[in-house]
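[1] let me see the structure of the following:
(one chain, ligands or ions: 6)
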Amino acid sequence: MQLRSVAVAAVVILSLSLFPPPISAHNITHILAKHPEFSTFNHYLTLTHLAPEINNRETITVCAVDNAGMNQLLSKHLSIHTIKNVISLHILLDYFGAKKLHQITNGTALAATMFQATGSAPGSTGFVNITDLKGGKVGFGPAENHGNLPAMFVKGVEEIPYNISVIQISTMLPSAVAEAPTPEPSHMNLTSLMSAHGCKVFAETLLKSPAEKTFEDNADGGLTIFCPGDDAMKNFMTKFKNLTDDGKQSLLEYHGVPVYQSMATLKSNNGVMNTLATDGAKKYDFIVQNDGNVVTLKTKIVTAKITGTLVDEQPVAIFTIDKVLMPKELFKAAEADAPAPAPAAAPEADAESPKSAKKKKHKAPVAADTPADSPADGPTDDFADSTADDDNGGGFRYSGGTVVAGVLSMWFLFLLL
Ligand SMILES: *[C@@H]1O[C@H](CO)[C@@H](O)[C@H](O)[C@H]1NC(C)=O
Ligand SMILES: *[C@@H]1O[C@H](CO)[C@@H](O)[C@H](O)[C@H]1NC(C)=O
Ligand SMILES: *[C@@H]1O[C@H](CO)[C@@H](O)[C@H](O)[C@H]1NC(C)=O
Ligand SMILES: *[C@@H]1O[C@H](CO)[C@@H](O)[C@H](O)[C@H]1NC(C)=O
Ligand SMILES: *[C@@H]1O[C@H](CO)[C@@H](O)[C@H](O)[C@H]1NC(C)=O
Ligand SMILES: *[C@@H]1O[C@H](CO)[C@@H](O)[C@H](O)[C@H]1NC(C)=O
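    Residues are numbered from 1 along each chain as shown. Ligands and ions are numbered 1, 2, ... in the order given. I've put the predicted structure just below:
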């Protein structure tokens, strides 16, 4: 039996690698752009990063409201994260074309939504009651409103059968739960979160530094933190204490990236990454590279592995790593001077790898590797710079077909999630 499941898994993995799905079957931004009466709704799909999530789903219904309906919502002055919750209640995880809406079995159905799928919705909240009413009308209401159906189907906007249906409903679905102020990822206390999950030393060091504010300031717009585990940080402390105040701040900021990068994005988007410490000519960048299923972060001095995920939800991701990242801007001279590396320093093999990287490096297409949902102002823009004026061996490398196939299957799994 075990053999059989292994065989099945192998076949599945093989076929996933051979037949990667189209990256996006549809483009909701593009669909709604043809209908100016939904421009506000469309704008907020982009702002809340729901658009790529919609594009990545294969069977989906978007219940759009016109600009007047959106203005009503906006007049409540909710935070962007709450608006995201409200709008995600309008994205049904099933296909409801106009025809299906008017022929619901037994005249009523509860549809699961993207809000429910986030896990922020308790109980039956996050489901939408769709009911066929007298006179050919179809009513919509949040399930927790006990059969109160305040929104009506207005018209079908666009249908790609069984992939995506965009319909107009008369008003936003009023949901106290979706509109409740939720603990936003960006408003979580980042340091106490890290403290509670194996990065206590890093978090405490951060709290004593102006770098903490840099992290907080970036949380709303997108932030990825690579926090070294306690052992790594403890071993590094003598070196850390030796740095100037500026150096300490840069070292800490070097562990943050001013863009939200999900695990899936990191796996599929290898390359040079700028950090919070990047300041003009002082690059403070590192290279993200898959090593099989493991994602590694390579500086000139050290190669760290991602060992775990603390948070991975727009706009914040926090990953644990097994070594402190040492930027060449701070440690180049020190390494040359110091004959024996300290415990936390990179083994020789690591210190060598950037050189071999340079040798193997060749110019690779940048755009081809960029997932559809990577933020336009993210490091992807910087990749072009880094490869163009490249003086530090930081560039793209492909390690052959297996990795490409692996990446494609990871990408497929990402689409499924
Ligand atoms: C629907 O999506 C599937 C899978 O992504 C794709 O193969 C198919 O062509 C799409 N259908 C239409 C009508 O675009
Ligand atoms: C979707 O369409 C919009 C507007 O037409 C375009 O700017 C965007 O690049 C498209 N996105 C994808 C993933 O193709
Ligand atoms: C429709 O109603 C019948 C009888 O009440 C029930 O057995 C059946 O499960 C319902 N179907 C759906 C899809 O809810
Ligand atoms: C949805 O609301 C209608 C109208 O109030 C109600 O009759 C129906 O039972 C509800 N449907 C479900 C599945 O809860
Ligand atoms: C997070 O919690 C720590 C310790 O509990 C506290 O010192 C710090 O000020 C908090 N940070 C924010 C941004 O509230
Ligand atoms: C601390 O800095 C001094 C001078 O810059 C250097 O000689 C020494 O090796 C450093 N110590 C550690 C532990 O890095």
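
[2] neighbouring strands for the helix or strand harbouring V128, and are they parallel or not?
    Secondary structure assignment for V128, by DSSP states H and E: strand 127-132. The strands beside strand 127-132 in its sheet (DSSP bridges) come out as strand 108-112 (antiparallel), strand 138-142 (antiparallel).

[3] any part of it near ligand 4?
    Yes: Strand 127-132 reaches ligand 4 (Cβ under 6 Å from any ligand atom) through N129, T131. The way it works is simple: take the backbone N, C-alpha and C, and place the C-beta from them, glycine included.

[4] quick one: mean pLDDT for that strand?
    Averaged across strand 127-132, pLDDT comes to 93.

[5] could you export it as CSV, CA atoms only?
    The C-alpha trace of strand 127-132 is given here as CSV (Å, rounded to 0.1, in the frame of the first residue of the first chain):
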residue,chain,number,x,y,z
PHE,A,127,-20.8,32.3,3.9
VAL,A,128,-23.2,34.1,1.6
ASN,A,129,-26.9,33.1,1.4
ILE,A,130,-28.0,33.2,-2.2
THR,A,131,-31.8,32.7,-2.6
ASP,A,132,-34.1,32.7,-5.6
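
[6] what are the contacting residues of that strand?
    With Cβ atoms under 8 Å, 6 or more residues apart in numbering as the contact definition, strand 127-132 has outside contacts at 63, 89, 92, 96, 101-104, 107-113, 116, 138-143, 145, 147, 149, 173.

[7] could you tell me how far it lies from the centre of the chain?
    How far strand 127-132 lies from its chain's middle: 30 Å, per Cα atoms, centre = their mean, to the nearest Å.

[8] check stretch 278-293 too.
    18 Å.

[9] cool, and stretch 314-330?
    That offset, for stretch 314-330, works out to 16 Å (Cα atoms, centre = their mean).

[10] rounded mean pLDDT for it, please.
    Throughout stretch 314-330, pLDDT has a mean value of 91.

[11] heads up, I number from 38, so please use that
    In the new count, where the first residue is 38, that last one comes out as stretch 351-367.

[12] start to end distance for it?
    31 Å (Cα to Cα, to the nearest Å).

[13] kindly report the same for stretch 170-189.
    Using Cα to Cα, the end-to-end distance of stretch 170-189 comes out at 10 Å.

[14] list the buried ones in it?
    Across stretch 170-189, burial judged by 16 or more other Cβ atoms under 10 Å covers V175, G176, F177, G178, P179, A180, E181, N182, L186, A188.

[15] as CSV, those with pLDDT and distance to ligand 2 would be great.
    Shown next, in CSV, are those (pLDDT from 0 to 100; distance: Cβ to the nearest ligand atom, whole Å):
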residue, pLDDT, distance to ligand 2
V175, 95, 29
G176, 96, 32
F177, 97, 26
G178, 96, 31
P179, 94, 29
A180, 90, 32
E181, 86, 34
N182, 86, 34
L186, 95, 32
A188, 97, 27
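
[16] will you turn those into a markdown table that also has distance to ligand 1?
    Output for the buried residues of stretch 170-189, formatted as a markdown table (distance: Cβ to the nearest ligand atom, whole Å):
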| residue | distance to ligand 1 |
| --- | --- |
| V175 | 23 |
| G176 | 28 |
| F177 | 25 |
| G178 | 29 |
| P179 | 29 |
| A180 | 28 |
| E181 | 32 |
| N182 | 33 |
| L186 | 30 |
| A188 | 27 |
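
[17] determine which two of the residues you listed are furthest apart.
    Within the buried residues of stretch 170-189, V175 and E181 form the most distant pair, 19.3 Å apart (Cβ to Cβ).

[18] residue of the chain closest to ligand 5, please.
    Closest approach between the chain and ligand 5, counting by Cβ to the nearest ligand atom: N226, at 3.7 Å.

[19] could you give the number of residues near that residue?
    Neighbourhood size, N226 [other Cβ atoms under 10 Å]: 12.

[20] quick one, phi/psi of it?
    Torsion angles at N226 (phi, psi; degrees, to the nearest 10) stand at phi -80, psi 100.

[21] also P198?
    Main-chain dihedrals, P198, degrees, to the nearest 10: phi -50, psi 130.

[22] contacting residues around it?
    Contacts of P198 by Cβ under 8 Å, 6+ apart are Y132, G134.

[23] next SSE downstream of whichever strand or helix holds L69?
    Element membership of L69 [criterion: DSSP H and E] is helix 65-70. Elements were assigned by DSSP H and E; along the chain past helix 65-70, the next helix or strand is helix 76-84.

[24] contacts for the very next helix or strand once past that following helix?
    Counting by DSSP H and E, the next helix or strand C-terminal to helix 76-84 is helix 87-92. Contacting residues not belonging to helix 87-92 are listed as 61-66, 81-82, 97, 99, 121, 124-125, 128, 151, 201, 409-410 [Cβ under 8 Å, 6+ apart].

[25] try 7 Å this time
    With contacts defined as Cβ atoms under 7 Å, 6 or more residues apart in numbering, helix 87-92 is touched by 61, 63-66, 82, 97, 99, 121, 124-125, 128, 151, 409-410.
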